[in-house]
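> pasting the sequence and the predicted model now:
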Amino acid sequence: MNLVIVEDDINMRKSLEIALSEYEEFKIKSYKSATEALKKIDSNTDLIITDINMPGMDGLEFVKACENKYDFIIMTGNATLNRAIEAMRLGVKDFLTKPFDIETLVEAIKRAKIIRQKTSDKKSKSQNTHKNTGFFSTSEKLEQTLNLSKKAAKTDASVMFFGESGVGKEVFSRFIHENSQRFDKPFVAINMAAIPANLIESELFGFEKGAFTDANATKIGLFEMANGGTLFLDEIGEMPYEIQAKLLRALQEKEIVRLGSTKNIKIDVRIISATNANLDEKIKNGDFRSDLYYRLNTIPINIPPLRERKEEILEIANKVLDQTCQEYNFENKCLSKEAEKTLLEYNYPGNIRELISIVQRACILSEGDKILSQDLFLEARTFKKDVKQMEKELLEQILQEECFDKQKAADKLGMSAEVLEKKIEQYKIKE
Ligand SMILES: Nc1ncnc2c1ncn2[C@@H]1O[C@H](COP(=O)(O)OP(=O)(O)OP(=O)(O)O)[C@@H](O)[C@H]1O
């Protein structure tokens, strides 16, 4: 298996490289930055293991830049858990919380391989499966959100959904559209966080041929595509400040102008927006226009996180299990009592998106007709052995190999003798 490690921390990178090279089946290349990796990775790569927090291009931007060409495992600390969760939206299936031990990583790598083997011949079929637009389950809290959404659907007012990543903000937005008078017109979605900031303006408003260097032909924007229907602006908090004024004008005047044109085009679009950011904070910091906020937020609707709707967990899990068995032609499978308990105890920082991916993975990897607790692999998302311990062990090993010649050991580890000296003190390594 051709593995690529992308990690800016030299000690961590070397530790991983050395530990994984013990396994004959892994061929490893490692890079200190995402930019370097992007230049060098090729189509032989089976799996990329990347840190999320790196200077320059971070792990999330790296995943985006790879455009779904590779499988990923994200390594995240607690502080960057949100970034890892965002990566799931981009199709990343697995993440490990630091510190983790090497066996946990090896298991995750092997899982990724099996999943690829078991699903690759079904790809064409799974691509045909349509995106789920209905609700899997309900709870008291979800009912409240649903009732508000039904009321909002009867009006043409702007709706703003608040909620963590993966709670279903897009699902609810579609629900409003489908239950509104605009149901037979387009529902068009754009995620501000998923496309480069410099493209958002032309995506929304379109452009005329020759408007800028690469504008070889006229292109209509999403406002025009959504005409008569609904435009869903996901992660609205990420919209660049300069474009916010243009959006506000478009909403007030009900017309847009394509880039490179002077002609006003009438538009009739209902706006639904969503955010998981604290917009009040962004307004205070001058990153988000308050006038736009009030224009978008006529009907605010909150979607609670899954951990506050625990009664939905098993129903969703069972539905996903049935769907996955059908999709891959597996005999029907069910959850064991222990698996149910494990699912109910987990706290789902990635909400329903994460639950779906956990259950799909368990369904694909489990051998028998019962999903066991260990098929869920949730312990990899909780804390285990300290990564610092791994580093200490590596330093001790190299120092021993070099008979405690610090300069030679430092050279082998790719660090300066001063840094090694400090670490020897920090870890109290004795000769
Ligand atoms: N109540 C629900 N019933 C069925 N599926 C759901 C429900 N809520 C969410 N999902 C599924 O979970 C996944 C995430 O949902 P969605 O994209 O709507 O979340 P989101 O809040 O918009 O996330 P993000 O903020 O990351 O864009 C999708 O696959 C969606 O189909």
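Arrived safely, thanks for sending.
> C-alpha only now, for contacts and for neighbours.
Will do.
> mind showing which ranges of the stretch 301-431 of the chain have poor pLDDT?
380, 382-387 (pLDDT under 70).
> wait, T230 sits on S273?
No - T230 lies out of contact with S273 (CA atoms under 8 Å); the separation is 10.3 Å.
> what about the two, which has more around it?
Using other CA atoms under 10 Å, the more surrounded residue of T230 and S273 is T230, with 29 against 26.
> chain center to stretch 36-43: distance?
Taking CA atoms, centre = their mean, to the nearest Å, the mean C-alpha location of stretch 36-43 is offset from the chain mean by 21 Å.
> the residue lying closest to N53 once chain neighbours are set aside: neighbouring residues, count only.
Nearest residue to N53 in three dimensions, chain neighbours excluded: G59, at 6.3 Å (CA to CA, 6 or more residues apart in numbering). Applying the criterion other CA under 10 Å, we find 26 residues in the vicinity of G59.
> phi first, then psi, for G59.
Per-residue torsions, G59: phi -60, psi -40 (degrees, to the nearest 10).
> ok, now which ones touch the residue nearest to Y31 when sequence neighbours are not counted?
The spatially closest residue to Y31, leaving aside those adjacent along the chain, is V6, at 4.9 Å (CA to CA, 6+ apart). By CA atoms under 8 Å, 6 or more residues apart in numbering, V6 lies in contact with R13, S30, Y31, K32, S33, A34, A37, I48, I49, T50, D51.
> got those as TSV, with distance to V359 columns?
Formatted as TSV, the contacts of V6 follow (distance: CA to CA, whole Å):
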residue	distance to V359
R13	31
S30	31
Y31	32
K32	33
S33	33
A34	30
A37	31
I48	22
I49	22
T50	23
D51	25
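> among these, name the ones in helices.
Of the positions in the contacts of V6, R13, A34, A37 sit in helices, assigned by DSSP state H.
> ok, the last one - contacts?
Residues in contact with A37 (CA under 8 Å, 6+ apart) are V6, S30, Y31.
> okay, the second one and L372: tell me how far apart.
Distance of S30 to L372, computed by CA to CA, to the nearest Å: 35 Å.
> and the residue nearest to Y31, how far from I28?
11 Å.
> and if you look at D322?
Applying CA to CA, the value for D322 to I28 is 37 Å.
> L81 now?
Look at L81 and I28: by CA to CA, they are 26 Å apart.
> bridging residues for the residue nearest to Y31?
Taking DSSP bridges, one finds Y31, T50 as the beta-bridge partners of V6.
> ok so, going back, which one of the contacts of V6 is nearest to A339?
Nearest to A339 among the contacts of V6: I49, at 27.4 Å, using CA to CA.
> okay, that closest one: pLDDT?
The model reports I49 with a pLDDT of 96.
> now do the contacts for it.
I49 sits in contact with L3, V4, I5, V6, F72, I73, I74, M75, where contact means CA under 8 Å, 6+ apart.
> ok so, going back, if you count surrounding residues, which of L81 and I28 has more?
Neighbour comparison, L81 and I28: the larger count goes to L81, with 20 against 17 (by other CA under 10 Å).
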